[in-house]
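Need a 3D model of the sequence below.
(chains A, B, C and D)
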Number of protein chains: 2
Amino acid sequence: MLELDRFLPYRLSVLTNTISAAIASQYAERFDLSVTEWRVLAILGRYPGISANEVAERAAMDKVAVSRAVASLIKSARLKRAIDKHDRRRSMLSLSVKGQKVYDQVAPLAKRHEERLLSHLTREECIWLDRIIDKLSLIEAQHLAD
Amino acid sequence: MLELDRFLPYRLSVLTNTISAAIASQYAERFDLSVTEWRVLAILGRYPGISANEVAERAAMDKVAVSRAVASLIKSARLKRAIDKHDRRRSMLSLSVKGQKVYDQVAPLAKRHEERLLSHLTREECIWLDRIIDKLSLIEAQHLAD
DNA sequence: ACGTTATAGTTTCAGTTGAAACCATTTGCA
DNA sequence: TGCAAATGGTTTCAACTGAAACTATAACGT
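This is a model prediction of the structure:
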(Lines give C-alpha, C1' and ligand atoms only; values in the text may rest on other atoms or scores of the structure.)
Protein backbone atom coordinates (compact mmCIF):
# COMPACT_ATOMS: atom_id res chain seq x y z
CA MET A 1 0.00 0.00 0.00
CA LEU A 2 1.46 3.33 -1.08
CA GLU A 3 0.66 6.17 1.28
CA LEU A 4 0.87 9.13 -1.09
CA ASP A 5 0.70 11.67 1.72
CA ARG A 6 3.93 10.30 3.13
CA PHE A 7 5.62 9.54 -0.16
CA LEU A 8 8.73 11.68 -0.36
CA PRO A 9 8.81 12.45 -4.11
CA TYR A 10 5.17 13.41 -4.01
CA ARG A 11 5.51 15.64 -0.97
CA LEU A 12 8.53 17.33 -2.47
CA SER A 13 6.65 17.91 -5.70
CA VAL A 14 3.65 19.50 -4.03
CA LEU A 15 5.82 21.68 -1.81
CA THR A 16 8.01 22.82 -4.68
CA ASN A 17 5.09 23.68 -6.91
CA THR A 18 3.46 25.67 -4.15
CA ILE A 19 6.62 27.65 -3.49
CA SER A 20 7.33 28.28 -7.17
CA ALA A 21 3.77 29.40 -7.80
CA ALA A 22 3.89 31.76 -4.84
CA ILE A 23 7.07 33.41 -6.06
CA ALA A 24 5.95 33.52 -9.70
CA SER A 25 2.70 35.20 -8.73
CA GLN A 26 4.73 38.11 -7.38
CA TYR A 27 6.44 38.90 -10.65
CA ALA A 28 4.45 37.21 -13.42
CA GLU A 29 1.89 39.85 -14.38
CA ARG A 30 3.65 42.73 -12.70
CA PHE A 31 6.68 42.35 -14.92
CA ASP A 32 5.10 40.28 -17.70
CA LEU A 33 7.63 37.55 -17.05
CA SER A 34 7.18 33.78 -17.27
CA VAL A 35 9.09 31.45 -14.97
CA THR A 36 11.37 30.41 -17.82
CA GLU A 37 12.06 34.02 -18.74
CA TRP A 38 12.82 34.90 -15.16
CA ARG A 39 15.27 32.04 -14.88
CA VAL A 40 17.10 33.13 -18.00
CA LEU A 41 17.20 36.68 -16.71
CA ALA A 42 18.50 35.54 -13.34
CA ILE A 43 21.24 33.41 -14.89
CA LEU A 44 22.33 36.26 -17.14
CA GLY A 45 22.25 38.70 -14.27
CA ARG A 46 24.78 36.49 -12.57
CA TYR A 47 26.79 35.37 -15.60
CA PRO A 48 26.61 38.04 -18.29
CA GLY A 49 27.92 37.23 -21.74
CA ILE A 50 27.29 33.49 -21.76
CA SER A 51 25.63 31.67 -24.68
CA ALA A 52 22.12 30.25 -24.86
CA ASN A 53 23.54 26.78 -24.40
CA GLU A 54 25.39 27.77 -21.26
CA VAL A 55 22.19 29.30 -19.93
CA ALA A 56 20.41 26.02 -20.58
CA GLU A 57 23.08 24.07 -18.72
CA ARG A 58 23.18 26.41 -15.77
CA ALA A 59 19.42 26.67 -15.47
CA ALA A 60 18.81 22.95 -16.04
CA MET A 61 16.39 23.92 -18.81
CA ASP A 62 16.12 22.49 -22.27
CA LYS A 63 17.53 24.46 -25.15
CA VAL A 64 14.18 24.94 -26.90
CA ALA A 65 12.77 26.60 -23.81
CA VAL A 66 15.82 28.83 -23.54
CA SER A 67 15.67 29.75 -27.21
CA ARG A 68 12.09 30.88 -26.86
CA ALA A 69 12.63 32.74 -23.61
CA VAL A 70 15.63 34.53 -25.12
CA ALA A 71 13.66 35.46 -28.24
CA SER A 72 10.88 36.88 -26.11
CA LEU A 73 13.25 38.78 -23.83
CA ILE A 74 15.05 40.28 -26.80
CA LYS A 75 11.76 41.27 -28.36
CA SER A 76 10.82 43.11 -25.20
CA ALA A 77 14.30 44.69 -25.13
CA ARG A 78 15.33 43.20 -21.82
CA LEU A 79 18.19 41.23 -23.34
CA LYS A 80 20.96 42.04 -25.80
CA ARG A 81 22.52 39.57 -28.14
CA ALA A 82 26.03 39.89 -29.58
CA ILE A 83 27.53 37.44 -32.02
CA ASP A 84 30.75 35.75 -30.97
CA LYS A 85 33.54 36.86 -33.29
CA HIS A 86 35.29 33.51 -33.21
CA ASP A 87 32.20 31.36 -33.63
CA ARG A 88 29.37 32.99 -35.53
CA ARG A 89 26.84 30.35 -34.49
CA ARG A 90 27.27 31.34 -30.90
CA SER A 91 25.61 34.37 -29.36
CA MET A 92 26.74 36.21 -26.29
CA LEU A 93 23.79 37.26 -24.18
CA SER A 94 23.50 39.93 -21.56
CA LEU A 95 20.93 42.09 -19.84
CA SER A 96 20.07 45.45 -21.32
CA VAL A 97 19.65 48.41 -19.01
CA LYS A 98 15.94 47.69 -19.03
CA GLY A 99 16.60 44.02 -18.26
CA GLN A 100 18.91 44.97 -15.45
CA LYS A 101 16.19 47.14 -13.95
CA VAL A 102 13.74 44.23 -14.01
CA TYR A 103 16.34 41.96 -12.47
CA ASP A 104 17.07 44.50 -9.76
CA GLN A 105 13.41 44.54 -8.83
CA VAL A 106 12.60 40.86 -9.07
CA ALA A 107 15.70 39.42 -7.40
CA PRO A 108 14.93 41.03 -4.03
CA LEU A 109 11.34 39.76 -4.25
CA ALA A 110 12.59 36.24 -4.76
CA LYS A 111 15.15 36.59 -2.00
CA ARG A 112 12.60 37.93 0.39
CA HIS A 113 10.39 34.95 -0.27
CA GLU A 114 13.26 32.58 0.43
CA GLU A 115 14.10 34.45 3.62
CA ARG A 116 10.51 34.32 4.72
CA LEU A 117 10.50 30.56 4.27
CA LEU A 118 13.81 30.04 6.01
CA SER A 119 12.91 32.39 8.83
CA HIS A 120 10.46 29.77 10.04
CA LEU A 121 13.17 27.16 10.28
CA THR A 122 15.69 26.95 13.07
CA ARG A 123 19.34 27.48 12.30
CA GLU A 124 19.86 23.74 12.64
CA GLU A 125 17.05 22.90 10.24
CA CYS A 126 18.44 25.28 7.62
CA ILE A 127 21.79 23.59 7.74
CA TRP A 128 20.34 20.12 7.45
CA LEU A 129 18.04 21.13 4.63
CA ASP A 130 20.87 22.64 2.68
CA ARG A 131 23.03 19.58 3.12
CA ILE A 132 20.26 17.10 2.33
CA ILE A 133 19.20 18.85 -0.88
CA ASP A 134 22.79 18.82 -2.10
CA LYS A 135 23.14 15.18 -1.21
CA LEU A 136 19.92 14.12 -2.92
CA SER A 137 20.76 16.19 -6.00
CA LEU A 138 24.09 14.46 -6.24
CA ILE A 139 22.50 11.04 -5.88
CA GLU A 140 19.98 11.73 -8.60
CA ALA A 141 22.67 13.15 -10.89
CA GLN A 142 24.71 10.01 -10.46
CA HIS A 143 21.70 7.80 -10.98
CA LEU A 144 20.88 9.68 -14.15
CA ALA A 145 24.41 9.18 -15.47
CA ASP A 146 24.04 5.40 -15.76
CA MET B 1 22.97 39.58 -6.35
CA LEU B 2 20.91 36.41 -6.56
CA GLU B 3 22.97 33.24 -6.60
CA LEU B 4 20.60 30.88 -8.40
CA ASP B 5 22.69 27.81 -7.60
CA ARG B 6 22.15 28.41 -3.91
CA PHE B 7 18.60 29.67 -4.15
CA LEU B 8 16.42 27.27 -2.22
CA PRO B 9 13.25 27.33 -4.34
CA TYR B 10 15.30 26.84 -7.47
CA ARG B 11 17.33 23.95 -6.07
CA LEU B 12 14.18 22.30 -4.79
CA SER B 13 12.57 22.68 -8.19
CA VAL B 14 15.46 21.11 -10.07
CA LEU B 15 15.75 18.26 -7.58
CA THR B 16 12.05 17.53 -7.60
CA ASN B 17 11.80 17.52 -11.36
CA THR B 18 14.73 15.16 -11.63
CA ILE B 19 13.23 12.75 -9.13
CA SER B 20 9.76 12.86 -10.68
CA ALA B 21 11.14 12.31 -14.15
CA ALA B 22 13.21 9.36 -12.97
CA ILE B 23 10.20 7.67 -11.41
CA ALA B 24 7.88 8.50 -14.28
CA SER B 25 10.31 7.01 -16.78
CA GLN B 26 9.88 3.68 -15.03
CA TYR B 27 6.14 3.47 -15.58
CA ALA B 28 5.23 5.94 -18.31
CA GLU B 29 5.59 3.92 -21.51
CA ARG B 30 5.55 0.54 -19.80
CA PHE B 31 2.06 1.11 -18.45
CA ASP B 32 1.00 3.91 -20.76
CA LEU B 33 0.44 6.14 -17.75
CA SER B 34 1.04 9.87 -17.40
CA VAL B 35 2.11 11.36 -14.08
CA THR B 36 -1.37 12.81 -13.57
CA GLU B 37 -3.00 9.48 -14.30
CA TRP B 38 -0.67 7.68 -11.94
CA ARG B 39 -1.46 10.13 -9.17
CA VAL B 40 -5.18 9.64 -9.62
CA LEU B 41 -4.68 5.89 -9.64
CA ALA B 42 -2.56 6.04 -6.49
CA ILE B 43 -5.09 8.17 -4.65
CA LEU B 44 -7.93 5.87 -5.62
CA GLY B 45 -5.91 2.82 -4.66
CA ARG B 46 -5.68 4.31 -1.20
CA TYR B 47 -9.13 5.91 -0.98
CA PRO B 48 -11.59 3.98 -3.17
CA GLY B 49 -15.00 5.46 -3.80
CA ILE B 50 -14.14 9.13 -3.50
CA SER B 51 -15.26 11.77 -6.02
CA ALA B 52 -13.17 13.56 -8.64
CA ASN B 53 -13.14 16.65 -6.48
CA GLU B 54 -11.83 14.74 -3.51
CA VAL B 55 -9.13 13.27 -5.70
CA ALA B 56 -8.16 16.77 -6.78
CA GLU B 57 -7.94 17.95 -3.18
CA ARG B 58 -5.95 14.96 -1.99
CA ALA B 59 -3.56 15.02 -4.93
CA ALA B 60 -3.18 18.80 -4.93
CA MET B 61 -4.12 18.78 -8.61
CA ASP B 62 -6.53 21.03 -10.41
CA LYS B 63 -9.93 19.69 -11.26
CA VAL B 64 -9.49 19.99 -15.01
CA ALA B 65 -6.42 17.76 -14.86
CA VAL B 66 -8.29 15.26 -12.72
CA SER B 67 -11.29 15.29 -15.03
CA ARG B 68 -9.11 14.46 -17.99
CA ALA B 69 -7.06 11.82 -16.20
CA VAL B 70 -10.25 10.16 -14.98
CA ALA B 71 -11.76 10.21 -18.47
CA SER B 72 -8.64 8.61 -19.89
CA LEU B 73 -8.43 5.98 -17.16
CA ILE B 74 -12.07 5.06 -17.64
CA LYS B 75 -11.57 4.80 -21.38
CA SER B 76 -8.72 2.38 -20.81
CA ALA B 77 -10.89 0.48 -18.32
CA ARG B 78 -8.62 1.02 -15.36
CA LEU B 79 -11.22 2.98 -13.42
CA LYS B 80 -14.92 2.53 -12.71
CA ARG B 81 -17.38 5.31 -12.18
CA ALA B 82 -20.59 5.01 -10.20
CA ILE B 83 -23.09 7.80 -9.75
CA ASP B 84 -23.83 8.85 -6.21
CA LYS B 85 -27.49 8.09 -5.44
CA HIS B 86 -27.94 11.11 -3.23
CA ASP B 87 -26.18 13.61 -5.50
CA ARG B 88 -26.37 12.81 -9.17
CA ARG B 89 -23.65 15.32 -10.12
CA ARG B 90 -21.17 13.45 -8.00
CA SER B 91 -19.40 10.31 -9.16
CA MET B 92 -17.83 7.68 -6.99
CA LEU B 93 -14.59 6.44 -8.48
CA SER B 94 -12.68 3.25 -7.87
CA LEU B 95 -10.10 1.03 -9.51
CA SER B 96 -11.25 -1.77 -11.77
CA VAL B 97 -9.55 -5.14 -11.50
CA LYS B 98 -7.30 -4.05 -14.35
CA GLY B 99 -6.55 -0.76 -12.60
CA GLN B 100 -5.76 -2.59 -9.39
CA LYS B 101 -3.27 -4.75 -11.28
CA VAL B 102 -1.51 -1.67 -12.64
CA TYR B 103 -1.46 -0.12 -9.19
CA ASP B 104 -0.02 -3.31 -7.70
CA GLN B 105 2.82 -3.17 -10.18
CA VAL B 106 3.60 0.55 -10.15
CA ALA B 107 3.36 1.21 -6.42
CA PRO B 108 6.35 -1.05 -5.60
CA LEU B 109 8.38 0.63 -8.35
CA ALA B 110 7.72 4.02 -6.83
CA LYS B 111 8.45 2.75 -3.35
CA ARG B 112 11.70 1.20 -4.43
CA HIS B 113 12.79 4.50 -5.93
CA GLU B 114 12.01 6.31 -2.70
CA GLU B 115 13.91 3.68 -0.72
CA ARG B 116 16.87 3.99 -3.02
CA LEU B 117 16.95 7.74 -2.44
CA LEU B 118 16.55 7.45 1.31
CA SER B 119 19.10 4.67 1.55
CA HIS B 120 21.78 7.22 0.76
CA LEU B 121 20.76 9.39 3.69
CA THR B 122 21.62 8.69 7.28
CA ARG B 123 18.86 7.93 9.73
CA GLU B 124 19.30 11.40 11.16
CA GLU B 125 19.03 13.07 7.76
CA CYS B 126 15.82 11.18 6.97
CA ILE B 127 14.21 12.39 10.15
CA TRP B 128 15.22 16.00 9.57
CA LEU B 129 14.10 15.93 5.96
CA ASP B 130 10.74 14.56 6.91
CA ARG B 131 10.23 17.16 9.55
CA ILE B 132 11.44 20.06 7.42
CA ILE B 133 9.22 19.21 4.47
CA ASP B 134 6.20 19.09 6.73
CA LYS B 135 7.15 22.37 8.30
CA LEU B 136 7.70 24.16 4.99
CA SER B 137 4.48 22.74 3.56
CA LEU B 138 2.58 24.06 6.51
CA ILE B 139 4.20 27.49 6.18
CA GLU B 140 3.32 27.71 2.51
CA ALA B 141 -0.21 26.54 3.13
CA GLN B 142 -0.69 29.26 5.74
CA HIS B 143 0.88 31.86 3.49
CA LEU B 144 -1.47 30.83 0.68
CA ALA B 145 -4.46 31.21 2.95
CA ASP B 146 -4.08 34.97 3.33
C1' DA C 1 40.65 22.02 -50.22
C1' DC C 2 36.65 18.84 -49.47
C1' DG C 3 33.31 16.13 -47.56
C1' DT C 4 31.70 14.28 -43.13
C1' DT C 5 30.43 14.97 -38.60
C1' DA C 6 29.42 17.94 -34.65
C1' DT C 7 27.53 22.05 -32.55
C1' DA C 8 24.54 26.51 -31.70
C1' DG C 9 20.30 27.78 -32.17
C1' DT C 10 15.46 27.95 -34.41
C1' DT C 11 11.19 26.22 -36.28
C1' DT C 12 7.54 22.94 -36.79
C1' DC C 13 4.22 19.80 -35.20
C1' DA C 14 1.60 17.34 -32.18
C1' DG C 15 0.27 16.98 -27.82
C1' DT C 16 -0.56 19.04 -22.92
C1' DT C 17 -2.06 22.51 -19.89
C1' DG C 18 -4.97 25.96 -17.21
C1' DA C 19 -8.42 29.67 -17.12
C1' DA C 20 -12.75 30.71 -18.17
C1' DA C 21 -17.11 29.45 -19.92
C1' DC C 22 -20.26 26.01 -19.70
C1' DC C 23 -23.97 22.28 -18.33
C1' DA C 24 -26.46 19.71 -14.93
C1' DT C 25 -27.88 19.22 -10.46
C1' DT C 26 -28.48 20.57 -5.82
C1' DT C 27 -28.84 23.90 -2.01
C1' DG C 28 -30.46 28.00 0.29
C1' DC C 29 -33.91 30.97 1.04
C1' DA C 30 -37.76 34.38 0.03
C1' DT D 1 -42.88 26.36 -4.44
C1' DG D 2 -39.69 28.61 -7.24
C1' DC D 3 -35.60 31.19 -8.23
C1' DA D 4 -30.80 32.68 -7.28
C1' DA D 5 -26.48 31.00 -5.92
C1' DA D 6 -23.34 27.20 -5.22
C1' DT D 7 -21.26 22.84 -6.55
C1' DG D 8 -19.48 18.67 -9.39
C1' DG D 9 -17.72 17.99 -13.48
C1' DT D 10 -16.68 18.83 -18.64
C1' DT D 11 -15.54 21.48 -22.74
C1' DT D 12 -13.34 25.16 -25.22
C1' DC D 13 -9.70 28.10 -26.42
C1' DA D 14 -5.35 29.96 -26.33
C1' DA D 15 -0.81 29.46 -24.57
C1' DC D 16 2.91 26.43 -23.55
C1' DT D 17 5.79 22.37 -24.08
C1' DG D 18 9.27 18.84 -25.95
C1' DA D 19 10.85 15.90 -29.68
C1' DA D 20 12.38 15.89 -34.04
C1' DA D 21 13.61 18.20 -38.14
C1' DC D 22 15.99 22.00 -39.86
C1' DT D 23 19.59 25.98 -40.86
C1' DA D 24 23.95 27.84 -40.37
C1' DT D 25 28.49 27.54 -38.99
C1' DA D 26 32.60 25.25 -37.35
C1' DA D 27 35.75 21.28 -36.63
C1' DC D 28 37.87 17.17 -38.11
C1' DG D 29 40.04 13.76 -40.94
C1' DT D 30 41.89 12.69 -45.42
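
May I ask you to confirm that A:Val55 is in contact with A:Val40?
Yes - when contacts are counted by Cβ atoms under 8 Å, A:Val55 is listed as touching A:Val40 (5.7 Å). All C-beta atoms are positioned from the backbone trio N, CA, C, and that covers glycine.

Going by residue numbers, what spans are strands in chain A?
Under the criterion DSSP state E, chain A contains strands at A:79-83, A:91-95.

which residues do A:Val55 and A:Val40 both contact?
A:Met61, A:Val66, A:Val70 (Cβ atoms under 8 Å, 6 or more residues apart in numbering or on different chains).

Thought A:Ala59 was touching the second one, still the case?
Think A:Val66. Yes - contact criterion Cβ under 8 Å: A:Val66 and A:Ala59 qualify, at 7.2 Å.

The spatially most central residue of chain A: what's it in contact with?
Note on chain A: the residue nearest the mean C-alpha position is A:Arg39, at 3.7 Å, using Cα atoms, centre = their mean. By Cβ under 8 Å, 6+ apart, A:Arg39 lies in contact with A:Ala59, A:Met61, A:Ala69, B:Leu4, B:Tyr10.

That one and A:Lys101: what is the separation?
For A:Arg39, the distance to A:Lys101 (Cβ to Cβ, to the nearest Å) stands at 18 Å.

Next: A:Ser34.
From A:Ser34 over to A:Lys101 (counting by Cβ to Cβ), the distance is 18 Å.

Between those two, which is the more surrounded one?
Counted by other Cβ atoms under 10 Å in any protein chain shown, A:Ser34 and A:Lys101 do not tie: A:Ser34 has more neighbours, with 16 against 13.

Just to check, that one is in contact with A:Ala69?
Yes - between A:Ser34 and A:Ala69 there is a contact at 7.2 Å, judged by Cβ under 8 Å.

Give me the common contacts of those two.
If you check A:Ser34 and A:Ala69 against Cβ under 8 Å, 6+ apart, no residue is contacted by both.

so how far is the first residue of stretch A:26-35 from its last?
11 Å (Cα to Cα, to the nearest Å).

Any buried residues in that stretch, and which?
For stretch A:26-35, burial by neighbour count (16 or more other Cβ atoms under 10 Å in any protein chain shown) applies to A:Tyr27, A:Phe31, A:Leu33, A:Ser34, A:Val35.

now those as CSV including pLDDT and distance to DNA strand D?
Shown next, in CSV, are the buried residues of stretch A:26-35 (pLDDT from 0 to 100; distance: Cβ to the nearest atom of the strand, whole Å):
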residue, pLDDT, distance to DNA strand D
A:Tyr27, 92, 14
A:Phe31, 93, 13
A:Leu33, 95, 10
A:Ser34, 94, 5
A:Val35, 94, 7
